[in-house]
Structures are given as C-alpha cells and as structure tokens.
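Student: What would the 3D arrangement of this be:
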Amino acid sequence: MRDEGLIESVRNKVIGARRLVVLTGAGVSAESGIPTFRGKDGLWRNFRAEELATPGAFARNPRLVWEWYAWRMSLIASLKPNPVHQAIAELEEKIPDFLLVTQNIDGLHRKAGSRRLVELHGSIWRRRCMECGFRMETRDIPAVLPPRCESCRGIMRPDVVWFGEEIPIQMLSLALEAVNACDVMIVAGTSGLVQPAASLAIMAGNHGAFVLEVNLERTPLSDVANVVLLGRAGEIIPLIACGQTHHLRFVADRMLGRLAKWLRILGYDTIYKNTFTRDEVVRAAREEGRILLTRDTHITSEGLPGLVFVVEDRFREQIAEVVRKLGLDPSEEQFFSLCAECNVLLQDVSLEDVGQEIPEFVRKTQTKFLRCPRCRKVYWGGTHRRNMLEEIKALLVRTPNIDRK
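Tutor: Modelled structure (predicted):
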C-alpha cells in the first residue's frame with residue numbers, strides 16, 4: 001500500500017514549485033509499449049542497436065541503417081501517449097516556469113501536448129541533411145531509402161544522437177540552465193546510467209532543489225533524491241500532477257474508453273459518456289443488448305433490460321463485472337486489426353493495390369497488407385493485430401485500484 005500522506009506531501013511540493021524540471025527516460029516510453037531496442041530482445045536481423053546507431057555504420061551502409069529506423073518507426077507509429085505523458089503535459093499548464101527534458105526519441109511527449117521540452121537525443125520523426133543541414137519533421141515512413149534532401153538532394157539521416165556523438169550544445173545548454181535554476185526536479189523512468197542526463201539530477205540536488213525519483217527499482221540516482229517512489233510511473237505521476245480524485249477519474253475515463261472500443265468490436269452496441277439523459281437511459285432499456293458505460297452515480301441499472309454500468313472509484317472490480325456479465329472468455333483467441341488513427345477495422349488489400357505506397361524493403365519482406373477504409377492508411381506486420389479479449393483482460397491487470405478513505 002502506497003503512503004498516501006507522502007504522495008500528498010510530494011504533490012504539494014511539486015504543485016508549489018516556482019521552477020520545475022522533469023527528466024524522463026525509456027521507462028516512461030515502455031509504458032506505451034515502446035521496445036527498448038537494447039539487449040537480446042532488441043536484435044534486428046542479428047544486429048544490435050550499438051552496431052547500427054553509429055556514424056560509422058551510416059557511412060558504410062546508410063540504406064541498412066535507414067531500414068532499421070523505418071522498422072522502428074512502423075512499430076512506434078500506432079502507439080499512443082500514456083498517463084505519464086498526459087500528466088506531465090498537465091504539469092506544464094500548472095507551473096509557469098517549466099521544462100521537460102527527455103532522453104526518448106519517440107515523440108510521444110509532443111503527441112501528448114508537451115511544448116516546453118528538450119529532446120536530448122533528438123527525434124525519430126525528424127531528418128537532417130548530411131550536406132546542407134536542412135531539417136524536416138514528418139510522421140511519414142520514407143518510401144525510398146535512404147531519403148534525399150528536398151533542398152540539395154543530399155542524403156538525409158535520422159536527426160538523433162548516435163553512439164559516439166555529442167548532444168547538440170544548444171539542447172544541453174537549455175537543460176543545464178533550467179536544472180541550475182529549478183527548485184523542484186522529477187526524474188522518471190531513467191536508469192541513471194546514461195550521461196550527461198544522469199548528471200542533471202545530481203546538479204539539481206547539489207544546489208538545493210527538491211529531487212523526486214519515480215522508477216520501478218532503485219537506481220544510482222536514488223541516493224541523490226529527497227524522495228524515491230517505487231512503482232509504475234503511470235500510476236504515480238498522475239497522482240502527483242492531478243491529485244487522487246482527479247487521477248481516479250483520469251484513469252477511469254481512459255480504461256472505460258478502451259473497454260467501450262473493444263466491446264463495439266465484439267459486436268456490442270456500446271456507448272460511453274460522462275453522463276446520460278433520462279431519455280437515453282429509457283431508450284437503452286427498450287433496446288435489448290445496448291450497453292451504457294458512465295461514471296455518473298445518479299444513473300442506476302436497476303430494472304433495466306439493457307446494461308447500464310456505473311463505474312466510479314472501484315472501477316477495476318466493476319470493469320471485471322462488465323466482462324463477467326457479458327460472458328466474455330479471455331482465453332478465447334479472437335483477433336482483430338484496428339486503425340490506430342480512426343479506430344475502425346482494417347481490410348485486407350493486395351500488394352498490387354498498395355505497391356507504391358510502402359517502402360521497397362517492406363514489399364520484399366511482407367506478404368499481408370491491410371488498409372483503413374476511412375483514412376486509407378496502409379498497415380503491415382503484426383503491430384496492429386491484437387487479441388481483443390486479451391486486451392480487455394489486460395485492462396484489469398494494468399488498472400490501479402486506489403481506495404479513498
């Protein structure tokens with residue numbers, strides 16, 4: 001059981017900060033499903049990240065390096081910001097003098113709404129010309145590898161910091177200036193081993209700033225921190241940024257929105273809103289099989305043939321009750337393919353129909369392609385394919401249960 005008094009004390013310290021710096025690492029991205037691309041699980045065609053993310057590797061074979069980055073982009077593209085990203089963006093709105101410093105290159109902080117941020121290691125969605133220095137940002141995966149500069153036709157590289165390269169002095173200067181001036185610093189999801197980012201917390205502590213570390217386990221920075229909170233950043237940071245009551249609603253909205261989506265895919269007529277009018281409830285009662293999901297405690301399902309579920313503080317148990325009443329068996333393997341942008345089912349499409357829309361290396365390695373009927377985006381590989389009932393089951397595992405006394 002987490003110490004609620006300590007959480008509240010830390011929250012008051014953070015919300016009362018005059019100058020706040022937040023440092024995030026790979027652990028934050030991991031909660032959105034971003035692979036680490038390190039160790040044995042990060043192998044790609046038997047290459048390790050350390051063998052590809054170097055200036056030398058790019059000089060020898062830029063096409064190979066770009067194929068690896070295109071593959072990584074395809075894995076990341078459909079993933080969304082998690083509660084940590086969203087809570088940090090909310091902190092930015094509350095603290096006038098705020099800076100987010102991230103070691104992650106996936107762009108999820110920007111996607112969540114963060115604007116005052118320094119991407120120490122660059123962004124996988126930016127490209128930089130090797131000849132003229134022209135930069136561009138795009139969410140499109142390049143179809144021709146390596147991509148060429150629009151200005152001078154030189155070869156472009158990912159605008160990220162590779163092994164053996166230094167962090168751009170402008171980015172590092174912004175981070176150092178903010179750290180040296182801050183009175184509160186949050187360090188979340190970082191190992192505390194990668195320099196110079198690991199030194200930032202030490203610098204903040206040395207000049208008297210309050211340092212909070214949030215991580216799954218202790219790190220070399222734990223001895224520097226004033227407070228260390230062990231656990232998932234996705235459970236802890238929203239509590240600090242939003243408070244317990246707001247956090248319960250925040251997580252409930254996110255989880256129930258997902259549940260409604262899965263139930264619609266399973267064929268249930270499902271509506272999820274903050275509240276419903278009396279007419280909507282009566283109409284649902286008349287239409288057998290309709291499901292209403294809400295957190296409004298003034299609505300009751302008593303006597304209604306339709307299913308109306310009120311989900312408030314103990315929403316984890318109540319989501320489980322929804323699943324049980326619908327007779328869903330998470331052991332069944334029912335797979336679906338869903339567009340990450342439109343949330344509609346994808347349709348099979350032939351290689352001939354999409355041949356010019358996808359990179360050449362993908363055409364050589366993939367045999368199955370799908371297209372969204374609404375936005376026309378093309379998918380391949382397995383990142384879009386999920387077991388819908390396992391997804392519902394996973395909601396119950398990932399959703400924290402916080403009891404208010």
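Student: wait, doesn't Ala143 sit right on Pro359?
Tutor: Yes - with contact defined as CB atoms under 8 Å, Ala143 counts as touching Pro359 (5.1 Å). From N, CA and C alone the C-beta is placed, and that goes for glycine too.
Student: what pairs with the longest strand belonging to the chain, and is each one parallel or antiparallel?
Tutor: Longest strand of the chain, by residue count under DSSP state E: strand 122-129. When sheet partners are counted by DSSP bridges, strand 122-129 sits next to strand 135-137 (antiparallel), strand 156-160 (antiparallel).
Student: if you average pLDDT over it, what comes out?
Tutor: Per-residue pLDDT over strand 122-129 has a mean of 96.
Student: what number of residues lie near Val211?
Tutor: 26 (other CB atoms under 10 Å).
Student: Sticking with it, tell me its helix or strand.
Tutor: Element membership for Val211 (DSSP states H and E) is strand 210-215.
Student: element containing Ile34?
Tutor: Here Ile34 is assigned to no helix or strand, by DSSP H and E.
Student: nearest residue to it other than its sequence neighbours?
Tutor: Excluding the flanking residues, the one nearest Ile34 by CB to CB, 6 or more residues apart in numbering is Asp106, at 5.5 Å.
Student: re the thing from before, I'd like the strands paired with strand 122-129 laid out as a markdown table, including distance to Pro196.
Tutor: Below are the strands paired with strand 122-129 laid out as a markdown table (distance: least, CB to CB, whole Å):
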| stretch | distance to Pro196 |
| --- | --- |
| strand 135-137 | 23 |
| strand 156-160 | 16 |
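Student: still on that earlier bit, given the strand holding Val211, what are its sheet partners and their directions?
Tutor: Short version: by DSSP bridges, strand 210-215 pairs with strand 184-188 (parallel), strand 227-230 (parallel).
Student: Select, out of those, the one closest to Ile124.
Tutor: Ile124 lies closest, by CB to CB, to one member of those: strand 184-188, at 20.2 Å.
Student: tilt between the following helix or strand past the closest one and strand 210-215?
Tutor: Counting by DSSP H and E, the next helix or strand C-terminal to strand 184-188 is helix 197-206. Helix 197-206 runs at 140 degrees relative to strand 210-215, counting by axes from the mean of the first three to the mean of the last three CA atoms, to 10 degrees.
Student: low-scoring pLDDT stretches of the stretch 101-250 of the chain, where are they?
Tutor: 244-250 (pLDDT under 70).
Student: can you list contacts of the strand holding Val211?
Tutor: 10, 13-14, 17, 27, 183-190, 201, 204-205, 219, 221-222, 224-231, 233, 236-237, 240 (CB atoms under 8 Å, 6 or more residues apart in numbering).
Student: That's all I had, so thanks and see you.
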